[in-house]
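Student: Test case, fold it:
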Amino acid sequence: MRYIFSLFLFLVITLSACSKASDDKVYNSSVSAITMSAPASVDGPQTIPQKIIKSANLKFETADIEETFQQIQKAVKESHASIQSDSEGKNDISLYRNITVKVPSQNFDVFLQSITKGVSYFDQKEISSEDVTDQYIDLDSRLKTKRKLEERYIEILKKATKVSEILEIEKQISEIREEIESKQGQLKYLESRISESRVFIQFYKPIAEKQSVKVSYGSKLLTAVKSGFNELSGSFIWLISIWPFIIIFCVLAYFIRKRFKRRKKE
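Tutor: Numbers count the residues shown, from 1 in each chain. You can find the predicted model right below:
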């Protein structure tokens, strides 16, 4: 009887161990399968339109600063663009204005034609087109793969029963979520650069030489008048400061002259 009971207990323990080992094997196999299949692409070949980042840097001379600015404002409105920055100033040789515009990429060429109408010469003209199609496809593919991987881990999490398994899967999901958010940010930034082009415009008007001479001459004339007035005031103050000596000199001169006349009469 004791022998039969011992044999029965041994069978129960053995079956429990086998069942536990089987569950662990299923869990480990599921996680391994997800990890091994993660790098694979989740979608088949697909056609993505070419992704181009456009930008321009322009510098030119104008005969009228305000008129050119009005022309740019009109082009901004017609192209549905927006002015990001606007600054103006003056140096020794010119008046200038610097403007940075963000314009929808589909209106890029039309906008450039509008703002440069009438410009015969450019001090600087740089127009660039950067093809980022491969970079966009790579980011988009990686993002989709990470999302699929996250879905698989969530399915495994629903079936997990052990605390250790649940914690491990949640850790994996958290790391995948961080990677997804990072890829989303990179893709969003790339899409914004693709959809809107930046145009930096610097235009200036030289200060006329004759105008400079006139201003310089008027400034010199005003300085000369002020200088003469200061000299006159200084002389007047000097005369006031020595008035006692002047009186003594006049008195002495009077007596000397009077004595000289007496001698002449004798």
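
Student: Hmm, Ser87 is touching Arg97, no?
Tutor: Yes. With contact defined as C-beta atoms under 8 Å, Ser87 counts as touching Arg97 (7.2 Å). All C-beta spots, glycine's among them, are computed from the backbone N, C-alpha and C.

Student: who has more neighbours, the two?
Tutor: With neighbours defined as other C-beta atoms under 10 Å, Ser87 and Arg97 compare such that Arg97 has more, 19 against 10.

Student: show me the contacts for the more buried one.
Tutor: Counting by C-beta atoms under 8 Å, 6 or more residues apart in numbering, Arg97 touches Ile65, Thr68, Phe69, Asp86, Ser87, Glu88, Gly89, Gln202, Phe203, Tyr204.

Student: Just the ones in strands from those residues, please.
Tutor: In strands, judged by DSSP state E, the following of the contacts of Arg97 are found: Asp86, Ser87, Glu88, Gly89, Gln202, Phe203, Tyr204.

Student: Highest neighbour count among those?
Tutor: Phe203 (26 neighbours).

Student: Among the ones in strands among the contacts of Arg97, give me the pair with the biggest separation.
Tutor: For these, the farthest-apart pair by C-beta to C-beta is Asp86 and Tyr204; their separation is 14.5 Å.

Student: Okay, strands next: where are they in the stretch 51-200 of the chain?
Tutor: For the stretch 51-200 of the chain, the strands defined by DSSP state E, counting those that start in this stretch cover 52-61, 82-90, 94-104, 122-131, 196-206.

Student: Surely Phe111 touches Gln73?
Tutor: No. Between Phe111 and Gln73 there is no contact under C-beta under 8 Å: 12.0 Å.

Student: Which of those two has more residues huddled nearby?
Tutor: Each of Phe111 and Gln73 has its neighbours counted (other C-beta under 10 Å); Phe111 has more, 22 against 14.

Student: Quick check: closest non-adjacent residue to the more buried one.
Tutor: Closest residue to Phe111 apart from its sequence neighbours, by C-beta to C-beta, 6 or more residues apart in numbering: Ser79 at 4.3 Å.

Student: thinking again about what came up before, can I get the ones in strands among the contacts of Arg97 in JSON lines including distance to Asn107 and pLDDT?
Tutor: Formatted as JSON lines, the ones in strands among the contacts of Arg97 follow (distance: C-beta to C-beta, whole Å; pLDDT from 0 to 100):
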{"residue": "Asp86", "distance to Asn107": "20", "pLDDT": "95"}
{"residue": "Ser87", "distance to Asn107": "24", "pLDDT": "95"}
{"residue": "Glu88", "distance to Asn107": "25", "pLDDT": "93"}
{"residue": "Gly89", "distance to Asn107": "29", "pLDDT": "93"}
{"residue": "Gln202", "distance to Asn107": "21", "pLDDT": "96"}
{"residue": "Phe203", "distance to Asn107": "20", "pLDDT": "96"}
{"residue": "Tyr204", "distance to Asn107": "26", "pLDDT": "95"}
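
Student: thinking again about what came up before, the contacts of Arg97 into a markdown table, with extra columns for distance to Asp123?
Tutor: Shown next, in a markdown table, are those (distance: C-beta to C-beta, whole Å):
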| residue | distance to Asp123 |
| --- | --- |
| Ile65 | 15 |
| Thr68 | 14 |
| Phe69 | 18 |
| Asp86 | 20 |
| Ser87 | 18 |
| Glu88 | 17 |
| Gly89 | 17 |
| Gln202 | 8 |
| Phe203 | 10 |
| Tyr204 | 8 |
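
Student: With respect to Asn57, which of these is nearest?
Tutor: Gln202 (8.3 Å).

Student: Is that closest one bridged to anything, and to what?
Tutor: Following DSSP bridges, Gln202 is listed with bridge partners Lys59, Asn98.

Student: Name all residues that make contact with Phe111.
Tutor: Under the criterion of C-beta under 8 Å, 6+ apart, the neighbours of Phe111 are Ala75, Val76, Ser79, Ala81, Val101, Val103, Val199.

Student: so where do the helices sit in this structure?
Tutor: 2-37, 65-78, 108-115, 133-159, 163-195, 209-241, 243-265 (DSSP state H).
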